[in-house]
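Q: Sequence plus the predicted model coming up.
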Amino acid sequence: MYLLIPAAGVGKRMGSNRNKLFLEVHSKSIIAWTLLAAEAASSIRWIGIISQPSDWPDFKNIIADLPLTKPVEFIIGGATRQESVYNGLQALPPEAEQVLIHDGARCLATPNLLNACAAAIRHCSGLIAAIPVKDTIKVVDDSGIIQSTPDRKYLWAAQTPQGFNVQLLKQCHAEGIRQGWEVTDDAALFEKCGIEVRIVEGEETNLKVTTPQDLAIAEFILSHRERVRG
Ligand SMILES: Nc1ccn([C@@H]2O[C@H](COP(=O)(O)OP(=O)(O)OP(=O)(O)O)[C@@H](O)[C@H]2O)c(=O)n1
Ligand SMILES: C[C@](O)(CO)[C@H](O)COP(=O)(O)O
């Protein structure tokens, strides 16, 4: 399985003055944890890091210190996550028929989840890891007035990995450019193109490290894992 890792952000919500994936949690950088999970996932055979060239020296220094055996390619990121993934798709090896896209910021995803998504994409055209929401979700208008309360039993929080048939995703990204669609995950492009996307049960611990509070939560999860695994 081919894995694209969007890693070209700037971490505005983290308040970071550099790519937040270089921040450390539990003694390793966020991107290091993500790459170690990809290395440990037996289904992953190739890794593409989509990132800003200005970050490549730092990424390469991190990778040099990791026990990686799988090929890692550097792909130029875009101004948005959507553009970054578009670039990543163009850079895939020509033989890639399916792809997993996994946020570099989701450094707690387990190898088992990556493998489960890699197995599941063999049987469908599109999928996402997701978990049922626990809170009641409100749709709120611009003036802060609640407009509706969707039935929670139909609401899932999308995570990554997200998996896709490569040719279909390339077509949907191209249509997104033509239509000016701005999406925050790739599944939304499939949805807009009318292509079915399945859910794969995600992990409650698979948070996207976005704000400083998430760093503290990730630290707790990683230290707990270490205690449990010994
Ligand atoms: N132009 C971008 C923006 C984001 N990402 C990646 O997409 C993932 C999810 O994005 P997010 O968590 O929003 O990261 P940032 O964009 O860095 O955060 P912020 O929105 O707070 O700036 C991250 O791994 C990020 O590196 C990317 O590859 N290219
Ligand atoms: C792709 C994603 O992680 C699914 O929840 C999320 O949409 C990324 O959003 P971001 O604003 O780019 O972090």
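A: Right, received. Where do you want to start? Ligands and ions are numbered 1, 2, ... in the order given.
Q: Residues contacting stretch 73-89, please?
A: For stretch 73-89, the surrounding residues in contact (CB atoms under 8 Å, 6 or more residues apart in numbering) are 4, 6-9, 46-53, 56, 59-60, 91, 99, 101, 166, 169-170, 173, 176-177, 182-184, 186. Where C-beta positions appear, they are placed from N, C-alpha and C, glycine not excepted.
Q: out of those residues, who's near ligand 1?
A: Checked against ligand 1 using CB under 6 Å from any ligand atom, these give the following subset in range: 6-9, 50.
Q: Buried only: go through the contacts of stretch 73-89 for me.
A: With burial judged by 16 or more other CB atoms under 10 Å, the buried subset of the contacts of stretch 73-89 is 4, 6-9, 46-52, 59, 99, 101, 166, 169-170, 173, 176, 183, 186.
Q: And the pLDDT at the closest residue to ligand 1 within the chain?
A: Proximity of the chain to ligand 1 (CB to the nearest ligand atom) peaks at residue 9, 2.0 Å away. Note for residue 9: predicted pLDDT of 96.
Q: Could you do residue 128 as well?
A: 99.
Q: so it sits in a strand?
A: Yes - using DSSP: H, G, I helix; E, B strand; the rest coil, the assignment for residue 128 is a strand.
Q: pretty sure it is in contact with residue 196, am I right?
A: No - if you go by CB atoms under 8 Å, residue 128 and residue 196 don't touch, sitting 11.6 Å apart.
Q: out of these two, which sits in the busier spot?
A: residue 128 (24 against 10; other CB atoms under 10 Å).
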